[in-house]
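Novice: have a look; sequence and predicted model below, questions after that.
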There are 2 protein chains.
Amino acid sequence: MTATPSPRRDGRTTDTRRRAQAVALELFATRGFEATSLQDIARELGVTKAALYYHFPAKADLARSVFQPFIDDVDRTLAELSGRTLPRQDVLTAYVQALLPHRAVLAAMLRDPGAAADLDLEGASRRWLAALADLLAEPATTPSSRTRVRTAVAVGGLTRALVLPEVEDPDVLADAVAAAVRVLAP
Amino acid sequence: MTATPSPRRDGRTTDTRRRAQAVALELFATRGFEATSLQDIARELGVTKAALYYHFPAKADLARSVFQPFIDDVDRTLAELSGRTLPRQDVLTAYVQALLPHRAVLAAMLRDPGAAADLDLEGASRRWLAALADLLAEPATTPSSRTRVRTAVAVGGLTRALVLPEVEDPDVLADAVAAAVRVLAP
DNA sequence: GTCTATAAAATGATAGAC
DNA sequence: GTCTATCATTTTATAGAC
C-alpha cells in the first residue's frame, strides 16, 4: 500500500496548493474574482489548469480556501468581545489587530466584495459592522441613525486605511485607531 | 431623407438606452462588472443582447456611460476647490455633496472598483484621496504618514457611509461630516 | 501530481432580415 | 430599434494517460 494521491497528508499541505493560493490571492486583489480565470492562475504558477483541479475541486473552493481563514478569524475575535463592555479604543484595537495579519486578503475583499457569491464576503462585512456597532454604542441603548452612520465612518475608514503600507508602523496604526475613536465621541 | 437610425437625435436619449443604463447600474452594484453579462442585462430589460449593441458599441461603453458622469462631476468639484484654503468642514462637505447625487453609482464603484479596467475607477479614487489630502493638510506642509493615514480614515469612512440610507437625512449627513473632521484634528 | 485532450456552456460581438 | 442566427473565444470542468 503506497500513499494515497490525496492533496493532503498528515496535515501537510502540498507546495503547489499553497503557491496556488498565493497567486490566486494576488490576482483576486488586483483584478477581482470573476476577472481572474483558472487559466491565469495556472499560467502564473507554471502549471496547467488541470493540475489546479487536482488541488481544488472548483474555482469557488480555491477562493474559499483563501478567504475563509480570514473570515473565521475576525468572526472569532468579535465573538470573544461580544457581551463585554470595553472602552471604544480597546474594541477598535482588537478589530484592527484581527484584520492586520490578513491585510492581503482584506485588500482582495475590498477589491471585490462579492467574490465567489456563496462565500458572502459582503455578509461578513455587514455582520462585523453590526457587531462593532453594538460594542461601540452606549450600553443599553438602541443606536440612533447618527450613531449607525458614525460607526460606519469610523469602522469603514479604519478598514480602508488598513491596506495602506503606512499602517505597518504600529505608532501610525495606533494613531489611526485613536483618531477613529474621536468619530464616535459624543 | 428620413431620420438616421442613430441612437441619439437632438440630444434626446432613447428610452431603452436609459433603461439599459439603469439596469446595468443595478446589476453592477450587486454583482460587479465582470459577473454581469450583457445577457443578464438584456433579459432584465426584456430585449435581446443584439438590441443592446445598437445602443452601445461594447460592454465597456455601457459601463463608461454609467460611471463617467460621476467621475467627471467629482473631478470638477475637486478642481474648483484646488488651490483655495478652506476649513476642513467645508472641504469634506463639498466632497460629500458632489458624491451625494451619484450614490447609486458610488455603490457600484465600491462594489467593483476595478470595473471596466480602462475606466480606471481605482485611479479616480486615488486621485480624489490625493486631492483631498492636499486640501485637508496644514498649508505649506508635506503630509506625514500619520496625516496620510488619518485622511484615508476620514475620507474612506465618509465615502463608505454615503451608501447608507440614513444619510438621506441632511442632519445625519452633516453630523457624519463633523465627526469625520474630528479624525483630522491635531 | 501533472499532463494532453476534450467536452459543454457562456460570453462578447457581428451580419443581416424586418 | 429590435430580432434571429451565428462566430470566435474563453471559461469551468472532466477523462484518462504517465
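Specialist: Noted; the coordinates are in hand.

Novice: and residue A:109, what is it in contact with?
Specialist: When contacts are counted by CB atoms under 8 Å, 6 or more residues apart in numbering or on different chains, residue A:109 touches A:67, A:70, A:115, A:121, A:125. (C-beta placed from N, C-alpha, C; glycine too.)

Novice: what's the answer for residue A:100, then?
Specialist: By CB under 8 Å, 6+ apart, the contact set of residue A:100 is A:162, A:167, A:173.

Novice: sorry, back to before: return the item of the contacts of residue A:109 having minimum pLDDT.
Specialist: Least confident of the contacts of residue A:109 in the model: residue A:115, at 92.

Novice: correct me, but that one touches residue A:63?
Specialist: Yes: counting by CB atoms under 8 Å, residue A:115 touches residue A:63, with 6.0 Å between them.

Novice: joint contacts of those two?
Specialist: A:28, A:33.

Novice: tell me which parts of chain A are close to chain B?
Specialist: Contact residues (CB under 8 Å from any CB of the partner chain) of chain A with chain B: A:30-32, A:34-35, A:110-114, A:117, A:145-146, A:148-150, A:152-161, A:164, A:166-167, A:169, A:172-173, A:175-176, A:179-180, A:182-185.

Novice: which stretch of helix or strand covers residue A:54?
Specialist: Residue A:54 is part of helix A:49-55 when elements are defined by DSSP states H and E.

Novice: brain fart, residue A:149
Specialist: Using DSSP H and E, the element containing residue A:149 is helix A:145-161.

Novice: can you list the helices and strands that that helix packs against?
Specialist: helix A:88-99, helix A:103-111, helix A:121-136, helix A:170-184, helix B:145-161, helix B:170-184 (3 or more CB pairs under 8 Å, 6 or more residues apart in numbering or on different chains; DSSP states H and E).

Novice: pLDDT on the second one, on average?
Specialist: Mean pLDDT, taken over the full extent of helix A:103-111, equals 98.

Novice: which helix is the longest one in chain A?
Specialist: Identified as the longest helix of chain A according to DSSP state H is helix A:59-81.

Novice: next, the buried residues of that helix.
Specialist: A:59, A:62-67, A:70-71, A:74, A:77-78, A:81 (16 or more other CB atoms under 10 Å in any protein chain shown).

Novice: rewinding a little: what's the closest of the contacts of residue A:109 to residue A:88?
Specialist: residue A:125 (19.9 Å; CB to CB).
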